[in-house]
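In: please work out how this folds:
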Amino acid sequence: MITSVITAVFAVGYLAATVWLCRGVKLNARALSLGGVVCALTLVLATIRIPLPTGSNITCASWIPLMLLALVYDYRLSMLTGWVCGILAMILIPGWQAVHWAQIFVQQLVCFSCLGYAGVFGWEKRWKAVCGMALAVAIRCAGHVLSGVIFYSQNAWDGWGAWGYSLAYNSSRLIEGILSILIVSVLPLGVLRRTMVKQGGTV
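Out: Modelled structure (predicted):
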């Protein structure tokens with residue numbers, strides 16, 4: 001019961017905060033084009049996986065396109081694009097099909113759109129970008145773990161329990177998140193953002 005309440009508060013709180021942050025986003029032709037390209041790239045990379053002994057996997061840098069969109073263009077567009085990715089993932093990516101309608105709100109609508117939080121603290125200072133990406137990774141890991149506890153507890157290994165199983169299984173998400181942060185951190189974000197502005201990418 002307590003786990004269900006925690007999960008419900010997490011899902012409702014996240015969705016409410018994200019909708020509030022997305023207010024005023026400009027969906028012009030350029031934004032829609034960028035969002036479409038990032039969405040396609042994210043979904044393609046998410047289908048390329050490295051399997052792990054736990055039964056989980058690490059994708060081929062599928063977190064990075066949405067993080068970059070948030071940091072070099074507009075984090076609000078990244079959040080909206082993430083929502084589209086989450087819906088399309090249920091159709092296009094094996095293993096992302098929801099086993100219960102509530103899982104759509106706990107996992108599918110969270111675990112892509114949360115990568116837009118990479119840009120909520122700004123990009124001007126490297127530490128701000130790192131803090132934003134860390135927040136995005138934390139939210140995504142929480143979404144996966146809570147989804148595992150609520151919807152996949154029947155798959156728990158003997159003696160592990162729902163929480164132990166979900167934490168161990170989804171440890172790959174933390175690994176992938178840390179790798180994504182390290183990769184994005186070494187990229188010239190200022191140059192990429194200035195290039196977007198020169199090409200007409202006002203935000």
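In: thought A118 was touching Y75?
Out: Yes - taking contacts as C-beta atoms under 8 Å, A118 lies within contact range of Y75: 6.9 Å. (C-beta placed from N, C-alpha, C; glycine too.)
In: which of these two has more residues huddled nearby?
Out: Set A118 next to Y75 and count neighbours by other C-beta atoms under 10 Å: A118 wins out with 30 against 26.
In: would you mind measuring from that one to Q103?
Out: 24 Å (C-beta to C-beta, to the nearest Å).
In: same check on F112?
Out: According to C-beta to C-beta, F112 stands 14 Å off from Q103.
In: retrieve the pLDDT associated with R193.
Out: R193 is assigned a predicted lDDT (pLDDT) of 85.
In: which residue ranges of the chain form strands?
Out: 49-51, 57-59 (DSSP state E).
In: got a list of what V120 touches?
Out: Taking C-beta atoms under 8 Å, 6 or more residues apart in numbering, we find V120 in contact with L21, A70, Y75, G132, L135.
In: among the residues you listed, which one has the most neighbours?
Out: Neighbour max across the contacts of V120 (other C-beta under 10 Å) = A70, 29 neighbours.
In: that one contacts A118, correct?
Out: Yes - between A70 and A118 a contact is recorded at 4.4 Å, counting by C-beta under 8 Å.
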